[in-house]
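Peer 1: how would this look folded up:
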Amino acid sequence: MTKRTQLALATALVAALALGASGCSDPKKGSAGGAGAANPAAGNDGKTVGGTPVKGGTLTVLSNQDFSHLDPARNWTMPAMDFGTRLLYRTLVTFKAEPGKAGSELVPDLATDLGTPSNGGKTWTFTLKEGVKYEDGTPVKAQDIKYNVERSFAPDLTGGADYAAQYLAGGEGYKGPLQGQHLDSVKTPDDRTIVFELKRPVAEFSATTTLPTFAPVPQSQEKGTQYDARPFSSGPYKIESYDRDKKLVLVRNEHWDAKTDTVRKAYPDRFVVVMGLKGGQIDDRIIAGEGADASAVQYSTMRPESAPKVLPKPDVKARLLAESQGCTVMLQLNTSRPPFNDPKVREAMQYAVDKESVITAGGGPALNEVATAYLPPALSGGEQPDTLKIAPSGDPAKAKELLKAAGKEKLKVSLAVSTGDKGRAEAIQQGLARAGVEVVIDTVDPGAYYDVIGDLSTTPDMTYSGWCPDYPSGSTWIPFVFDGRNIKDKGNQGNYSQFRDEATMKRIDEINAMADPKQAAQAWIDLDAEIIKKSPAVPVLLERKPLLVGPNIAGAYGHPAWTGTIDYAGVGLKDPAKSQG
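Peer 2: From the prediction side, this is the model:
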């Protein structure tokens, strides 16, 4: 994108946003906007669009990508995790299917309750509901959940959540069940009881079991890496067909019983996911809302350049969801090699990045605000602290000074981004150029992005990625992003900066051992401030999740636990007879 094109786009966006509301800036954060600013894209926050759905019909999902993973042992990115756990498989515990704050409440799913702790919080016992069945009518058993938890350790099944490896006793060196080995710390005394023995007390273990790791997979269905293409359903839908990178069709699982499931409403008869579309094409189709597109939602976020087509038009804007994602997007610096193994060079990057330009490239202040810390506001008392106090537009003179002191006045570095983030990458590129840093951008297909940056043999100098809490605890954030002990050669998740810092790891262990949740919450905030001084990553943005839905869609809302993505547990159609596909 040329400077002229970017300037024209920025002008169009600013004009469009001005039509939506006035006063989008926060004087404390400059013109990029702050958490308390009026937001023209936030009219549907905490609300359900389209009223209550009518049962039946085909709901179409338009996507620019295939799923990163649908195998529950490997599924740990949004919105794939939302899609999988709401439609294809159930977990021990889940979140309520409601918009706004109520959606963060934990409720039993496969289990009869939220689990029973004993042994000072080091042992957790769950009892499964009766009558829960797979798509072939066979019962879901506790042994199937144990088996999937064990699968999450398998080196070949990369990409999944690391909580089992971090929490379960005796997991060190375990390589999964594919060679016949099993974990003694997960016990199934009978078909409906599962017991987890942990290394240490974990007060929020109930919340951990909302993750796909704690969904059932029968050993008889094991297909290794091929399980991604055909997960065996314990949810309300099953896979009818899956043509990778092109189309996925879900139909009802006739053995799913709503009496055992208070969360999933299963309104549509079918879900059809159409893949490989361009982002702008998806936006235009749903804005027009004709034919099957009237009954469509988008999987990936609305493109920034579509904002002027949406925000000034009340009828279209009424179909825009833009919930806060509750995540922090960062520029992660690869500290394992030059030049970012030098703390001075990393500190220079904090001053070199022009966050205001990145916000403009990302749709303007209606959809983004400046990040000043790592932990998102929900984990830091509602507002991020500003330890470094750097202007949103950066300070290239200070960056040059730091680079000169490090003997690196001229740098050339690589930056990997998902295809949809290319505009933001170009804004980062132009900001760093002011300090004499040349950035070479490598765009990666969204479906493969996390596999590429999670492989230490292919990870670049810098990655543009976000991290979201799996539930409201700093323990789901800081350890995954900055604990060097969690780095993997393949399937590395979170710590893309490969940050290995002894003081940080020691403090993580100390906080994890705290029995008082309030004390621990403050300790995570304090540790955030210490880590940012070492600059393994540059916090860039706090994003909203802009998603358009068609005029025949009902029951749509951005779910707080699913980072603002559409909750597939409750979405459906106003008039199923009008749907196609």
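Peer 1: contacts, neighbours, all on C-alpha from now
Peer 2: OK.
Peer 1: these two touch, right, residue 332 and residue 465?
Peer 2: Yes: between residue 332 and residue 465 there is a contact under C-alpha atoms under 8 Å: 7.3 Å.
Peer 1: In this structure residue 135 contacts residue 253, no?
Peer 2: Yes: under the criterion of C-alpha under 8 Å, residue 135 makes contact with residue 253 at 5.4 Å.
Peer 1: who touches both of those two?
Peer 2: Taking C-alpha atoms under 8 Å, 6 or more residues apart in numbering as the criterion, residue 135 and residue 253 both touch 233, 238.
Peer 1: Which residue is the nearest non-sequential neighbour of residue 562?
Peer 2: residue 82 (6.1 Å; C-alpha to C-alpha, 6 or more residues apart in numbering).
Peer 1: What residues does the one you found make contact with?
Peer 2: 562, 565, 567, 568.
Peer 1: next one: residue 118
Peer 2: residue 124.
Peer 1: try it again with 10 Å
Peer 2: 124, 125, 197, 201 (C-alpha atoms under 10 Å, 6 or more residues apart in numbering).
Peer 1: how close does it sit to residue 254?
Peer 2: 38 Å (C-alpha to C-alpha, to the nearest Å).
Peer 1: Also residue 57?
Peer 2: With C-alpha to C-alpha as the criterion, residue 57 and residue 254 are 16 Å apart.
Peer 1: Wait, residue 129 touches residue 113, no?
Peer 2: Yes: counting by C-alpha atoms under 10 Å, residue 129 touches residue 113, with 9.1 Å between them.
Peer 1: Any chance you could list residues touching both of those two?
Peer 2: With C-alpha under 10 Å, 6+ apart, residue 129 and residue 113 have common neighbours residue 92.
Peer 1: ok so, going back, could I get the contacts of residue 118 as CSV with neighbour count, distance to residue 150 and secondary structure?
Peer 2: Conversion of the contacts of residue 118 to CSV gives the following (neighbours: other C-alpha atoms under 10 Å; distance: C-alpha to C-alpha, whole Å; DSSP: H, G, I helix; E, B strand; the rest coil):
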residue, neighbour count, distance to residue 150, secondary structure
124, 23, 17, strand
125, 19, 17, strand
197, 21, 13, strand
201, 21, 20, coil
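Peer 1: Go through those residues and name the one with the lowest pLDDT.
Peer 2: Here the lowest pLDDT out of these sits on residue 201, with 93.
Peer 1: which residues of the stretch 201-350 of the chain fall in helices?
Peer 2: For the stretch 201-350 of the chain, applying DSSP state H, counting those that start in this stretch gives helices covering 205-208, 279-288, 307-310, 314-317, 343-352.
Peer 1: just checking, what packs against the last one?
Peer 2: Put plainly, it is helix 343-352. Contacts defined by 3 or more C-alpha pairs under 10 Å, 6 or more residues apart in numbering; DSSP states H and E place helix 343-352 against strand 328-333, helix 396-405, helix 422-433, helix 517-534, strand 537-548.
Peer 1: What's the mean pLDDT across the following helix or strand past that helix?
Peer 2: Using DSSP states H and E, the helix or strand that directly follows helix 343-352 along the chain is helix 355-361. For helix 355-361, mean pLDDT is 95.
Peer 1: Distance from the chain centre to helix 355-361, please.
Peer 2: Taking the mean of its C-alpha atoms, helix 355-361 sits 21 Å from the chain's own mean (C-alpha atoms, centre = their mean, to the nearest Å).
Peer 1: pull the CA atoms of it into PDB?
Peer 2: The C-alpha trace of helix 355-361 is given here as PDB (Å, rounded to 0.1, in the frame of the first residue of the first chain):
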ATOM      1  CA  LYS A 355       0.600   3.000  17.200                       C
ATOM      2  CA  GLU A 356      -1.700   5.800  16.000                       C
ATOM      3  CA  SER A 357      -0.900   4.800  12.400                       C
ATOM      4  CA  VAL A 358      -1.600   1.100  13.200                       C
ATOM      5  CA  ILE A 359      -4.900   2.100  14.700                       C
ATOM      6  CA  THR A 360      -5.800   4.100  11.500                       C
ATOM      7  CA  ALA A 361      -4.800   1.100   9.400                       C
END
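Peer 1: Show me which residues of it are buried.
Peer 2: 355, 356, 357, 358, 359, 360, 361 (16 or more other C-alpha atoms under 10 Å).
Peer 1: neighbour-wise, which of residue 57 and residue 254 wins?
Peer 2: For residue 57 versus residue 254, neighbours defined as other C-alpha atoms under 10 Å are more numerous around residue 57 (22 against 15).
Peer 1: Report the contact partners of the more buried one.
Peer 2: Residue 57 touches 267-271, 295, 572-581, counting by C-alpha under 10 Å, 6+ apart.
Peer 1: can you rerun that using 6 Å?
Peer 2: Residue 57 makes contacts with 268, 269, 576, 579, as judged by C-alpha atoms under 6 Å, 6 or more residues apart in numbering.
Peer 1: which residue ends up closest to the midpoint of this protein in space?
Peer 2: Geometric centre of the chain, nearest residue: residue 78, 3.9 Å, by C-alpha atoms, centre = their mean.
Peer 1: Can you pull the phi/psi pair for the residue nearest to it when sequence neighbours are not counted?
Peer 2: Closest residue to residue 78 apart from its sequence neighbours, by C-alpha to C-alpha, 6+ apart: residue 562 at 6.9 Å. With angles defined as degrees, to the nearest 10, residue 562 sits at phi -100, psi 30.
Peer 1: In the stretch 451-581 of the chain, where is pLDDT below threshold?
Peer 2: 581 (pLDDT under 70).
Peer 1: what do you get if the cut-off is 90, keeping everything else the same?
Peer 2: Along the stretch 451-581 of the chain, the model assigns pLDDT under 90 to residues 471-472, 490-491, 493, 513-518, 543, 580-581.
Peer 1: So which residues of it form helices?
Peer 2: Under DSSP H, counting those that start in this stretch, the stretch 451-581 of the chain gives helices at 478-482, 502-512, 517-534.
Peer 1: Show residues contacting the longest one.
Peer 2: It stands for helix 517-534. Contacts to helix 517-534, defined as C-alpha under 6 Å, 6+ apart, come from residues 474, 511.
Peer 1: So which bits of that helix are buried?
Peer 2: Those would be 520, 521, 522, 523, 524, 525, 527, 528, 529, 531, 532, for helix 517-534 by 16+ other C-alpha under 10 Å.
Peer 1: Residue 332 and residue 465 - which one has more neighbours?
Peer 2: residue 332 (29 against 21).
Peer 1: Quick check: chain neighbours aside, which residue is closest to the more buried one?
Peer 2: Distances taken as C-alpha to C-alpha, 6+ apart place residue 537 nearest to residue 332, at 4.2 Å, with adjacent residues excluded.
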